[in-house]
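# below is the sequence, then the predicted model.
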Amino acid sequence: MRTTYLVCYDIANDKRLRRVFKACKSFGDHLQFSVFECDLNPAERVEMEETLGQIIKHDEDQVMFVTLGPAEGRGDRVITALGLPYTRVDAPCFVF
């Protein structure tokens, strides 16, 4: 069974940030800056955690997995926003 996760991260170093972004992009959809939506089965979740765990510095960075429930049968995805409207982001991450 696949579960949908909101994966959010705060990375202290630009090089690690780019690597985390690239890794997350291979597992899910980029929603906003450091936020991804990922539909993962249990093995993919473990693989993603291991991949990210090898990139981040555990005493400086944070990656959060927010469980949204089963990927199937939960209805339409609805994203609302305050302020600027939500728009799908397909652009790569830029760090200056």
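Looks like it came in fine.
# in what helix or strand does C38 lie?
In the assignment (DSSP states H and E), C38 maps to strand 35-40.
# the residue nearest to M64 when sequence neighbours are not counted pairs with what?
Nearest non-adjacent residue to M64, counting by Cβ to Cβ, 6 or more residues apart in numbering: C8, 4.8 Å away. Quick note: C-beta positions are derived from backbone N, CA and C, even for glycine. Beta-bridge pairing for C8 (DSSP bridges): V35, M64.
# ok, how many other residues are close to C8?
Look at C8: counted by other Cβ atoms under 10 Å, it has 17 neighbours.
# isn't it right next to E37, touching?
No: C8 sits out of contact with E37 when judged by Cβ atoms under 8 Å, with a separation of 10.3 Å.
# shaky segments in the chain?
74-75, 83, 88-96 (pLDDT under 70).
# check it for its longest helix and report it.
helix 42-55 (DSSP state H).
# what's it packed up against?
With contacts defined as 3 or more Cβ pairs under 8 Å, 6 or more residues apart in numbering; DSSP states H and E, the packing partners of helix 42-55 are strand 3-10, helix 14-25, strand 35-40, strand 62-70.
# nearest to I79, of the ones you listed?
When those are compared by Cβ to Cβ, strand 35-40 sits nearest I79, at 9.0 Å.
# keeping just the C-alphas, turn that closest one into PDB.
Output of strand 35-40 as PDB, limited to C-alpha atoms (Å, rounded to 0.1, in the frame of the first residue of the first chain):
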ATOM      1  CA  VAL A  35       8.300  20.900   0.300                       C
ATOM      2  CA  PHE A  36       7.600  17.700  -1.700                       C
ATOM      3  CA  GLU A  37       4.600  15.400  -1.900                       C
ATOM      4  CA  CYS A  38       5.700  11.700  -2.100                       C
ATOM      5  CA  ASP A  39       3.500   8.600  -2.700                       C
ATOM      6  CA  LEU A  40       5.700   5.900  -1.200                       C
END
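# before I go, just wanted to say thanks for your time.
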